[in-house]
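J.: No sequence on hand, only this structure:
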């Protein structure tokens, strides 16, 4: 059997990092909107 | 009082109007033409004739040039109405919105074929290609490819004319759609130049024809949705 | 007037997605035997195929949601289309990352224009065009209209790309050493694959829902700030 475990390890790692990164980006963007919303409501 | 024109009649009128406007200034047509010819020249100097034969490199050059000069022509097809909000007048007129699409597509089609009518002989000249033997099927491929390009291109030109970065957005949107046109066309050209029998190219012609039928219809039907109610 | 969503509520769908993904990865790594011919690299299959499934599903749903929006104009449909496209491009990137990582040990090269990977590459370009278009249009209604049309046409394009690439491949075959997706997979591998398919689908749903919440909050903020001015 060929010694190629590194390939699937990199693939798994890359995909996990991508999904986590994307989910985080959603969270961060929602937080930014919530901040703007709060600021707008305060300045009323 | 005369009846408003039917679908094809209206399309023809709109095409004539667009072409008349273009013919007055001719600037877009000349730009596309010059781009085409210059590309052929640049590709020539980028080519090593001792490594690759002319018949092997020509199909790619022809169809890449076709694609990018086509894009140039598409840009201007909706810019024409931008002055003095002429588009509103067009929309209020008793013409079906599908006719507006057909008319503009027809004008673009004439534009593209006009450029190719010069580019093709230039290609034969610069690369010393025996095109006369294969001119029939090649012209058919050119015709079918031009139909596909103008249908999809006209629709996307209409959409992007109302957006920021229209010049960048049009190629980004349209190029994936040009692939099922340019790939078959280039393959046919390669086979024709290599002297292969015509039935080897049939599959590619079928794809071109199917693409044209599907997208002519689909673009015409979806075009009204790209206009404001 | 809509109140902003409280940030402290637990997203159970996301919790389920994470749990399923963990289970699938653990099972793939520790409880599924590797392929004798391909070695451990074969395990990429358990993330590659599910990613591709979601990538194409997401685009189809984006196109359908856009199409329905054209008729009933519910803003939730457009927000779904927007979200499915953004999530879809992430999964498509996953296919394009895992594909070459699988191809290099199995086929000896990072990219061999394999029919399925090439089709996925085009899907990626379609997604990108769709998302760039959305970014270039500020008016919400126009953005939804244009996106719907592009989505529908993109979905129509996919079979043509597939046909073209398939015909190209049959005429220009590349020698492939081994067939990675052997149909005679032992039951333990099939189970892992189905677990992964389920996990990726639930992850898609969870991410889309989060992304839709983001879109709704952004739109609410825009409405509120224009109401102020």
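T.: Thanks, I have the structure now. Everything numeric in this text was worked out from a predicted model, so none of it was measured. Numbers count the residues shown, from 1 in each chain, chains lettered A, B, ... in the order given.

J.: what number of residues lie near residue 26?
T.: Using chain A. As a burial measure, residue A:26 scores 18 neighbours (other C-beta atoms under 10 Å in any protein chain shown). Every residue, glycine included, has its C-beta placed from N, CA and C.

J.: You answered for a different chain; I wanted chain C.
T.: Neighbour count for residue C:26, taken as other C-beta under 10 Å: 12.

J.: How far away from the center of its chain is the host helix or strand of it?
T.: In this structure, residue C:26 sits in helix C:12-30 according to DSSP states H and E. A distance of 18 Å separates the centroid of the chain from that of helix C:12-30, by C-alpha atoms, centre = their mean, to the nearest Å.

J.: Now the following helix or strand past it: average pLDDT?
T.: Remark: after helix C:12-30, the chain's next helix or strand is helix C:45-72, criterion DSSP H and E. Average pLDDT, helix C:45-72: 97.

J.: re the thing from before, so which elements touch the helix holding residue C:26?
T.: In terms of contacts (3 or more C-beta pairs under 8 Å, 6 or more residues apart in numbering or on different chains; DSSP states H and E), helix C:12-30 is packed against helix A:5-42, helix C:45-72, helix C:187-228.

J.: Generate a markdown table for those, with distance to chain B as supplementary columns.
T.: As requested, those are arranged in a markdown table below (distance: least, C-beta to the nearest C-beta, whole Å):
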| stretch | distance to chain B |
| --- | --- |
| helix A:5-42 | 21 |
| helix C:45-72 | 6 |
| helix C:187-228 | 17 |
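
J.: ok, and which of these has the densest surroundings?
T.: The highest mean neighbour count among the helices and strands packed on helix C:12-30, using mean count of other C-beta atoms under 10 Å in any protein chain shown, belongs to helix C:45-72: a mean of 22.

J.: Phi, psi for the residue of chain B found nearest chain A please.
T.: In chain B, the residue that lies nearest chain A is residue B:164 (21.0 Å; C-beta to the nearest C-beta). Note on residue B:164: backbone dihedrals following degrees, to the nearest 10 are phi -70, psi 160.

J.: Leaving out the residues flanking it, which one is nearest to it?
T.: Counting by C-beta to C-beta, 6 or more residues apart in numbering or on different chains, the nearest residue to residue B:164 once its immediate chain neighbours are dropped is residue C:136, at 4.8 Å.

J.: Could you do residue C:211 as well?
T.: The spatial neighbour of residue C:211 that comes closest, neighbours along the chain excluded (C-beta to C-beta, 6+ apart), is residue C:83 at 3.7 Å.

J.: How many residues are close by the one you found?
T.: 25.

J.: Isn't it up against residue C:206?
T.: No. Counting by C-beta atoms under 8 Å, residue C:83 does not reach residue C:206; the two are 11.3 Å apart.

J.: intersection of neighbour lists for these two?
T.: Common contact partners of residue C:83 and residue C:206 (C-beta atoms under 8 Å, 6 or more residues apart in numbering or on different chains): none.

J.: check contacts around residue B:114.
T.: Neighbouring residues of residue B:114 by C-beta under 8 Å, 6+ apart: residue B:29.

J.: Now do the same for it: its pLDDT.
T.: Taking residue B:114 on its own, its pLDDT is 94.

J.: which element is it on?
T.: Assigned by DSSP H and E, residue B:114 belongs to helix B:97-127.

J.: Could you list the buried residues of that helix?
T.: Buried residues in helix B:97-127, counted by 16 or more other C-beta atoms under 10 Å in any protein chain shown: B:97-112, B:114-116, B:119-120, B:122-124, B:126-127.

J.: Which of the helices or strands spans the residue nearest to residue C:211?
T.: Element membership for residue C:83 (DSSP H and E) is helix C:75-107.

J.: before we move on, what about residue A:3?
T.: Following DSSP H and E, one finds residue A:3 outside all helices and strands.

J.: and for the helix holding residue C:26, what are the contacting residues?
T.: A:12, A:16, A:19, A:23, C:43, C:46-47, C:191-192, C:195-196, C:198-200, C:202-203, C:205-207, C:209-210.

J.: how does it look with 7 Å?
T.: The contact list for helix C:12-30 (C-beta atoms under 7 Å, 6 or more residues apart in numbering or on different chains) reads A:12, C:43, C:46, C:192, C:195-196, C:198-199, C:202-203, C:205-206, C:209-210.

J.: want to try JSON lines for these, with distance to residue B:134 as columns?
T.: Formatted as JSON lines, the contacts of helix C:12-30 follow (distance: C-beta to C-beta, whole Å):
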{"residue": "A:12", "distance to residue B:134": "52"}
{"residue": "C:43", "distance to residue B:134": "50"}
{"residue": "C:46", "distance to residue B:134": "49"}
{"residue": "C:192", "distance to residue B:134": "54"}
{"residue": "C:195", "distance to residue B:134": "55"}
{"residue": "C:196", "distance to residue B:134": "51"}
{"residue": "C:198", "distance to residue B:134": "54"}
{"residue": "C:199", "distance to residue B:134": "54"}
{"residue": "C:202", "distance to residue B:134": "55"}
{"residue": "C:203", "distance to residue B:134": "53"}
{"residue": "C:205", "distance to residue B:134": "54"}
{"residue": "C:206", "distance to residue B:134": "56"}
{"residue": "C:209", "distance to residue B:134": "56"}
{"residue": "C:210", "distance to residue B:134": "56"}
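
J.: and of those, the nearest to residue C:91?
T.: Nearest to residue C:91 among the contacts of helix C:12-30 is residue C:203, at 8.7 Å by C-beta to C-beta.

J.: roughly how far apart are the residue nearest to the closest one when sequence neighbours are not counted and residue C:210?
T.: Leaving aside its sequence neighbours, residue C:203 sits nearest to residue C:17 (C-beta to C-beta, 6+ apart; 4.2 Å). Between residue C:17 and residue C:210 the computed distance is 10 Å (C-beta to C-beta, to the nearest Å).

J.: Can you list the low-confidence ranges for chain B?
T.: By pLDDT under 70, the weakly predicted segments of chain B are B:1-4, B:80-85, B:229.

J.: which residues touch the residue nearest the centre of chain C?
T.: Compute the mean C-alpha point of chain C, and by C-alpha atoms, centre = their mean the closest residue is residue C:55, 2.4 Å away. Contact analysis of residue C:55 by C-beta under 7 Å, 6+ apart lists C:88, C:91-92, C:95, C:120, C:123.

J.: Tabulate these in JSON lines, adding columns for distance to chain B.
T.: Below are these laid out as JSON lines (distance: C-beta to the nearest C-beta, whole Å):
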{"residue": "C:88", "distance to chain B": "15"}
{"residue": "C:91", "distance to chain B": "18"}
{"residue": "C:92", "distance to chain B": "13"}
{"residue": "C:95", "distance to chain B": "16"}
{"residue": "C:120", "distance to chain B": "12"}
{"residue": "C:123", "distance to chain B": "9"}
